[in-house]
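Chemist: Fold the stuff below for me.
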Amino acid sequence: MGDWCVPFRRKECIDTLEKVVGLYVPKAPRKVSPRFLLYFLPVPILFLFKQFLKYLGVTLNPTVSALLWGVVATFSLAMTTYKSPVEIRIGKLNKAGSSLLFGLFCGIIIFVFMMLATS
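Modeler: Numbers count the residues shown, from 1 in each chain. This is a model prediction of the structure:
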């Protein structure tokens, strides 16, 4: 029981656990759907929209542009974090609150950096 074992392969890990502990029933690995990555789409769509406006010769107010980037990043990161298969918790908040707080924090940082970069 004093020896250390670093499992690199699932099969060898399960065999070692069966020998040391006894019967071990492994959980089947959960298939992760990449649908949650769709929540990253608003960022490139906003980039393409801004490039299209630049092509037309229309410029946005830097404050409006920074606000748009902050809102899109907040929505995108919050929904991606909420729908991702990992469990995220900030303090005593549940997954929804933690992902919303994470998205708001990142969105505010992006807004401030965009404002500082354009001023």
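Chemist: From here on, just use CA atoms for contacts and neighbour counts.
Modeler: Fine.
Chemist: residues touching residue 39, list them.
Modeler: Contacts for residue 39 (Cα atoms under 8 Å, 6 or more residues apart in numbering) come out as 76-77, 79-80.
Chemist: rerun that using 10 Å as the cut-off
Modeler: Contacts for residue 39 (Cα atoms under 10 Å, 6 or more residues apart in numbering) come out as 72-73, 75-81, 83.
Chemist: from those, which single one is nearest residue 14?
Modeler: The closest of the contacts of residue 39 to residue 14 turns out to be residue 83 (Cα to Cα; 29.6 Å).
Chemist: Tell me if I'm right that the closest one and residue 95 touch.
Modeler: Yes - if you go by Cα atoms under 10 Å, residue 83 and residue 95 touch, sitting 9.5 Å apart.
Chemist: So which bits of the longest helix along the chain are buried?
Modeler: Criterion DSSP state H: the longest helix present in the chain is helix 95-118. For helix 95-118, the neighbour count (16 or more other Cα atoms under 10 Å) marks 95-108, 110-111, 114-115 as buried.
Chemist: Equivalent analysis for stretch 46-55, please.
Modeler: For stretch 46-55, a neighbour-count test (16+ other Cα under 10 Å) marks residue 50 as buried.
Chemist: now the residue most central in space within the chain, nearest residue through space, not along the chain?
Modeler: In the chain, the residue lying closest to the centroid (Cα atoms, centre = their mean) is residue 81, at 4.3 Å. With sequence-adjacent residues excluded and distances taken as Cα to Cα, 6 or more residues apart in numbering, residue 81 is closest to residue 99, at 5.5 Å.
Chemist: my read: that neighbour touches residue 82, true?
Modeler: Yes - look at residue 99 against residue 82 with Cα under 10 Å: they come within range, at 5.5 Å.
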